[in-house]
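Engineer: Sequence isn't available, so here's the structure alone:
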């Protein structure tokens, strides 16, 4: 499992460079997070403790120097709170609530939600979730994930059949939806 490994964040818009750096960091026993844009990199760094950042200074959406300033400012601000409609996740306190009412999650349910929040608004593949939560040996055991997502929905959705917070992308993965009406 990756929970005790140091974490490297690679922010680069070129996939070949990210793959090359991932391979090197994984050989040195790092867990690697990748981002193709500054915005995605900043979101990842906000939601997960990062030990080292490798950053392309010429990103398409922001100057690299500005990314460094924002990363340093977020280290000073502390842990974030993520809100998705009625759902609130406080990473500093490791608490989850819906409409202000505390929700008790198992460690695995919390970890699934944490990974989804790290990529909030984007689809997270089944394989990525399985690797992050259960480890690489379970990357193809989608039945684990379906069971935990079903349990998680019952706890965080007002109506688990309508799926407004945690949506399914058929055949691909899941998405934590941030925008609600």
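Structural biologist: Done, it's in. For clarity, every value in this text was computed on a predicted model and none was experimentally measured.
Engineer: residues contacting the residue most central in space within the chain?
Structural biologist: Residue closest to the mean C-alpha point of the chain, counted by Cα atoms, centre = their mean, is residue 118 at 2.2 Å. Residue 118 makes contacts with 33, 43, 44, 47, 48, as judged by Cβ atoms under 8 Å, 6 or more residues apart in numbering. The way it works is simple: take the backbone N, C-alpha and C, and place the C-beta from them, glycine included.
Engineer: Excluding chain neighbours, what is closest to it?
Structural biologist: The shortest distance from residue 118 to any non-neighbouring residue, by Cβ to Cβ, 6 or more residues apart in numbering, is to residue 47 (4.3 Å).
Engineer: From what I see, the one you found and residue 114 are in contact.
Structural biologist: Yes: when contacts are counted by Cβ atoms under 8 Å, residue 47 is listed as touching residue 114 (7.4 Å).
Engineer: Between these two, which contacts overlap?
Structural biologist: residue 91.
Engineer: Tell me how many other residues surround residue 174.
Structural biologist: 25 (other Cβ atoms under 10 Å).
Engineer: and the gap between it and residue 133?
Structural biologist: 12 Å (Cβ to Cβ, to the nearest Å).
Engineer: what does residue 8 give?
Structural biologist: Residue 8 is 19 Å from residue 133, by Cβ to Cβ.
Engineer: try residue 24
Structural biologist: Applying Cβ to Cβ to residue 24 and residue 133 gives a distance of 24 Å.
Engineer: Mind checking which of the two has more residues around it?
Structural biologist: residue 133 (23 against 14).
Engineer: How about the more buried one: what's its closest non-neighbour residue?
Structural biologist: Nearest to residue 133 is residue 111, by Cβ to Cβ, 6+ apart, at 4.8 Å.
Engineer: My guess is the one you found contacts residue 135. True?
Structural biologist: No: counting by Cβ under 8 Å, residue 111 does not reach residue 135; the two are 11.3 Å apart.
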